[in-house]
Every structure is written in structure tokens, then in C-alpha cells.
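>>> pasting the structure only:
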């Protein structure tokens, strides 16, 4: 949730210890911010999903907890306004934004339907809202900062309504809502789920054009939520109200292909944070650059000639 | 200089286009914050110094310029105090610290000797000082923030004296001093120069133990300066006053070995930011983990079986 501020696991990893396919142990548990001694084996192993070695230890970069934290829900007219709001927040609050999450009304409807005990911030669920979380050093006041941001956003037409957490407990309840969205999704049951990322500037176009394209395949409810600050969205397609995913099994492949084709055409990724695993080996073969795929296969063969490391994950197992 | 705040070139690179050794072109110019589609070819190519491919384009992450910037020179009792001052600054100023540079008196003496037009902040050059640079969002005052930091540092015994830039021109002149240090070094002429990094907590121990160890080899002037926030120091060894590097050619190898052995024993890096090139191929063979070195050779052979890409850099050219 805080990749926007602190970076992802890759960024936070300073060093690794790993067992390589030939049984040798790479003792690479450095804790250095800068180290340019040869090829970047660390980043090659991270995200290789065990296919190039087994990571047995890691040294991580830590940050001090901010002295004061705050959170707000702001309703926005549309995703384009949410992006402008992100830029405004970055201009006003620099490196102090910890999270910037986009939430569509469908997610709020799913909560009402399946988890009514989760408290919602607005009497009428807005079409789009963002959850913004900030952490500030001592001497600065998160509530005042969020009030100032909201006033500027409202004046600029970027926010229509807002609720600022007035206590740590209320901030926690804001996050409970956000973190309940995946469970509400599971209770409804998606026909097809997608973990996508896009260049930030193309997100409004994708969110405007994907629903009509999907409507040509059927009557769906679409729940889109995710880490807008990272360009990473969970774009999940559900049966119509009263329907069940089991009735749409035969449409899953077409939905996935439509979404992934659109994302690929916009320069996006069909696996933003979850990785390829076995489920997306086909997607990788379809969408990855051929030269990259060939280089990946050459590296896999060079480091694991017997193909014993998590065979079938990321790359199709060779006979 | 601003790695502490924005990350290094690797962190700022979102995508690459590269020509691989077999002539294929990897079209990887994505501009995504998150993309987990297969092995991290981007980070493998970055820092490989042309030995795995030729990078022909890159997409970079950009940041808005801070609304207001400020800088200060603070004298510190010793390197340990400089580290405590860094922690204090991080607690007070969070993500707003753009640079935190350590400067030893030898560097100031070299400026006096070779570049007297460079304005120095203190009448008597201090043994150790830091240059701290901050950038803040709108509505915050860098001068007030630096005054507050200095007062807190002085009260805690972490700063002895300080000069805060009162204008953009003065801030620029502070940076002119820092950026003149390499030229002053060149005019004096080092016997041996080292681009090292260490775990932050071990820097004071290194700076206390290296000079007496080097003194056993001769009478040297040591100029240490660098990016303390990144644990990256330039540790350069010069002939005594009035001496010339040419008279010490035969001692260079012993000096380098002594410094690099100490750094390696402390879990540091003998190539923090400059890379291996051809000059440090021996060092890489001496200090790199054997399993990593074997993996590097396997990757090199797999991607460049003919050994045509920058042969002899990073890895010794095989016949």
C-alpha cells in the first residue's frame, strides 16, 4: 500500500543470500545503499519466483515511522481529476504522501451487500473516491495539511466532498474499508480478475474505454480499485447482480484477453505486482518482447541447465 | 548528489531499449512504476557496462522540483556525530533531505592550496563538516527548518558551528565548494583513490582505523569526502605536503589493497558508484562472492557466447 512512498520490495532489498541451482550459496547479504560490483544478481533473483534460485535471507532498508499520520477520503469527479489531485498533493506534500488509493463505487456497493458492518464515509456512495494517507515529520500537522489540500482541491474542481480522519482510530477505520475490498470481491465472486499497471496519464482513457468494450461481451459489474499513485489497478469483472460466476466460466478467457490486449496496447503490464506464476505463462509468451523472452530463456538455461528450479513457473518447462 | 532523496540511476530508470549481443532489439521502454512480467532484464543491463548489450534509450522517472530549497554547512565533532545528525535530520525533515555530504578538512586545505577563489564558510577549516541540502513543498520555509535543525543539533552536541545559506546564490556557492573538491584533488594528485561504500553504522570505525593503518605504509594526506547519506565515500590518499604522486607509484598497490581489504572485511563495496570497468577486474575477482562470480560468467556466456560485447570490462576476457 505504501509503494508510492517507500518503493516496492525490490527497492527495499539491500542484499540477498540465495541457494543457486548448482547448489552453491551466494552470500550477498550486504547492507549497502550503493554497490556497483558486477551484474545485479539481486534484482535478477527478486521476482524470478524461485526459478533461478531459492532466496534464504534478505537485508532490508528500513525507514523511521513518521511522527504524525493522517488520512482522508476525497470524492473526485472522475479518474482524470484523481490524477490531478495526486499531482496537487505531490506539489503540496512532496515526499509525505504514504498512499493514494482509487476506489470505485462498485467496491462500496459490494461492501454494502456482503460486509455491511464496514463503515462507509459517505451517505451516498460516490462514483469515484480516493483514500490519501500522509505521514509527516515532527512539528507538522497532518490534519491541517489535509484540510489545506481539500480546500485547494475543491477550489480547483478536483474534489467534491471529503472526510478527514479526526483520530488514529478513524484513520484505521478508513483503511479497514480499503482492506475489506478484496474480501468483498471474493464473496461476490469475480468472473475474471486482472492485476494491471498503466502509464499514469493513460489511466483515465483505459477506465473510459474498457467498460463499453466489455459490455459487448455481456452485462458485467466492474470493480476497479488500486494503487493509483503506482499506476497499478485491480480491474475485476463480476456477473450482473443476482448472477453467479459459475454461469460465465466460458466467457472468462474472452474477458481476460480483451482487458490484457487493451492494457498491452497502452504500454501497460498484465502482471503489475502479482507475478507470472503458472497462471500467466501464456500471457507472458503473448505479450513479452521476443528479445526479452529469449534472453530470459538463455539465462534460465545457463543458471539452471537441468530445469530443476520451480519448473513451469514464469517460463514453460522444456521437455 | 541527490541519491539520498531520489535514488540512483537504477532506481530512476523505468524502462530500457537495448541491442542485445545476438543483434536482437529489446523494446522495453515501458514507463510503469510496477511491472512483474518475468526476469528483471532492465536491472541486469544497468551497470553491466555494455558487456551484455548496448542500451540505446531509457525512460526515466521524474520528480517535480521542490517549491523551496535551502542548504547549510554544519561542523560536527566527528563522523559519529555526523551520522547522529543525519538521523536527527531524517526525523525532523523526513523525505525533504536532498543531500547530506561529509567533507574533511584536508579537502578544504586542498582548496586553499589550489583553488583559493573558492569561498570557504568558516574562517578556520573544521576537521569535519557536512553540507546538508533540503527541498520543501510550498508553504514550508527551508531556512527556518535548517535553523531548527541546527539549534537541536547544537543542543545535542552534534553540531559545533553552522552557516545557513541566506539566498539561492549563497546555496549555489556552498555547492561550488563541494563540487570543486574533485578538481582540487586532481591538482594535488592522489597516489591512490577509492570509491567505497560501507554500512552506515561502520563508517566511524573505518574512518578511525584506516589512517593509522595507512600511516604504517608512509606519511600521507588523506582526503575523505562523499555522500554520507548513501554510505558512499571517496577515500583518497595523497603524498605529504611538497611531495608528488610520481614518487610513490610503487606504493599504490599496497595502499589500494589495504583500503579495499578493510572495506571488504566490514561488508563494504570497493566499487560503490563508479563500476568495475577494466581497472577493477582484479578487485572483483578478489572480493566478489564466488557463487555470484560464477553466475555472472554463466550469464555472460549465455547472452554473449562470442564475447563481443565490451570484452575485458567487468569480467576478464576469456581466450
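The structure has been received and is ready for your questions. These numbers come from a predicted model, not from an experiment. Numbering: from 1, shown residues only, chains lettered A, B, ... in the order given.
>>> so what's the backbone phi/psi at residue A:27?
Main-chain torsions, residue A:27, degrees, to the nearest 10: phi -90, psi 90.
>>> The closest residue to it other than its chain neighbours: what's it in contact with?
Once flanking residues are discounted, residue A:27 sits nearest to residue B:289: 5.1 Å by Cβ to Cβ, 6 or more residues apart in numbering or on different chains. Where you see a C-beta, it was placed from the backbone N, CA and C, and this is true even at glycine. Contacts here follow Cβ atoms under 8 Å, 6 or more residues apart in numbering or on different chains; on that basis residue B:289 touches A:26, A:27, A:28.
>>> Can you flag the buried ones in those residues?
Among the contacts of residue B:289, those that count as buried by neighbour count (16 or more other Cβ atoms under 10 Å in any protein chain shown) are A:26, A:28.
>>> which helices and strands does the helix or strand where residue A:292 lies pack with?
Using DSSP states H and E, residue A:292 maps to helix A:290-303. For helix A:290-303, the packing partners by 3 or more Cβ pairs under 8 Å, 6 or more residues apart in numbering or on different chains; DSSP states H and E come out as strand B:25-28, helix B:41-45, helix B:290-303.
>>> what angle do it and helix B:290-303 make?
Per axes from the mean of the first three to the mean of the last three Cα atoms, to 10 degrees, the angle that helix A:290-303 makes with helix B:290-303 is 130 degrees.
>>> Buried residues in helix A:290-303, which are they?
So, applying 16+ other Cβ under 10 Å, buried residues of helix A:290-303: A:291, A:292, A:293, A:294, A:295, A:296, A:298, A:299, A:300, A:302, A:303.
>>> same check, this time on stretch A:193-200
A:193, A:194, A:195, A:196, A:197, A:198, A:199, A:200.
>>> same question, stretch A:235-248
For stretch A:235-248, burial by neighbour count (16+ other Cβ under 10 Å) applies to A:235, A:236, A:237, A:238, A:239, A:243, A:245, A:248.
>>> Kindly report the same for stretch A:217-227.
Those buried within stretch A:217-227 under the rule 16+ other Cβ under 10 Å are A:220, A:221, A:222, A:223, A:224, A:225, A:226, A:227.
>>> And the contacts of it?
Around stretch A:217-227, the neighbours that count as contacts under Cβ under 8 Å, 6+ apart are A:1, A:3-4, A:99-104, A:106-107, A:109-110, A:178, A:181, A:185, A:188, A:190-191, A:207, A:210-211, A:214, A:232-241, A:248, A:251, A:254-255, A:258, B:34.
>>> Run a quick neighbour tally on residue A:25.
For residue A:25, the neighbour count with other Cβ atoms under 10 Å in any protein chain shown is 15.
>>> Same list (the buried residues of helix A:290-303) but as a markdown table, adding pLDDT.
Formatted as a markdown table, those follow (pLDDT from 0 to 100):
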| residue | pLDDT |
| --- | --- |
| A:291 | 98 |
| A:292 | 98 |
| A:293 | 98 |
| A:294 | 98 |
| A:295 | 98 |
| A:296 | 98 |
| A:298 | 98 |
| A:299 | 98 |
| A:300 | 98 |
| A:302 | 98 |
| A:303 | 98 |
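>>> Rebuild the residues you listed as CSV, extending it with distance to residue B:89.
Listed next are the buried residues of helix A:290-303 as CSV, based on distance: Cβ to Cβ, whole Å:
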residue, distance to residue B:89
A:291, 45
A:292, 41
A:293, 46
A:294, 47
A:295, 42
A:296, 42
A:298, 46
A:299, 42
A:300, 45
A:302, 45
A:303, 42
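>>> For the stretch 101-250 of chain A, which segments count as helices?
A:105-114, A:142-155, A:168-188, A:203-215 (DSSP state H, counting those that start in this stretch).
>>> Could you export those helices to a markdown table, including columns for distance to chain B?
What follows is those, written out as a markdown table (distance: least, Cβ to the nearest Cβ, whole Å):
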| stretch | distance to chain B |
| --- | --- |
| helix A:105-114 | 20 |
| helix A:142-155 | 8 |
| helix A:168-188 | 17 |
| helix A:203-215 | 11 |
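>>> Could you dump these into a markdown table with mean neighbour count and mean pLDDT added?
Compiled in a markdown table, the helices of the stretch 101-250 of chain A are given as follows (neighbours: other Cβ atoms under 10 Å in any protein chain shown; pLDDT from 0 to 100):
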| stretch | mean neighbour count | mean pLDDT |
| --- | --- | --- |
| helix A:105-114 | 19 | 98 |
| helix A:142-155 | 18 | 97 |
| helix A:168-188 | 16 | 97 |
| helix A:203-215 | 16 | 98 |
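>>> where does the spatially most central residue of chain A sit relative to chain B, distance-wise?
What sits nearest the mean C-alpha location of chain A, by Cα atoms, centre = their mean, is residue A:232, with 4.1 Å. Per Cβ to the nearest Cβ, to the nearest Å, residue A:232 is found 5 Å from chain B.
>>> same question, residue A:202
For residue A:202 relative to chain B (Cβ to the nearest Cβ), the value is 10 Å.
>>> and what of residue A:3?
7 Å.
>>> neighbours around that residue, how many?
Residues lying near residue A:3 (other Cβ under 10 Å) number 20.
>>> for it, what are its contacts?
Counting by Cβ under 8 Å, 6+ apart, residue A:3 has contacts A:227, A:229, A:230, A:232, B:33, B:34.
>>> Farthest-apart pair in those residues, please.
Farthest pair in those (Cβ to Cβ) is A:229 and B:34. Separation: 10.3 Å.
>>> Between the two, point out the one with more neighbours.
residue A:229 (25 against 20).
>>> which stretches of chain A aren't confidently modelled?
A:319 (pLDDT under 70).
>>> same thing but 80
A:94, A:318-319 (pLDDT under 80).
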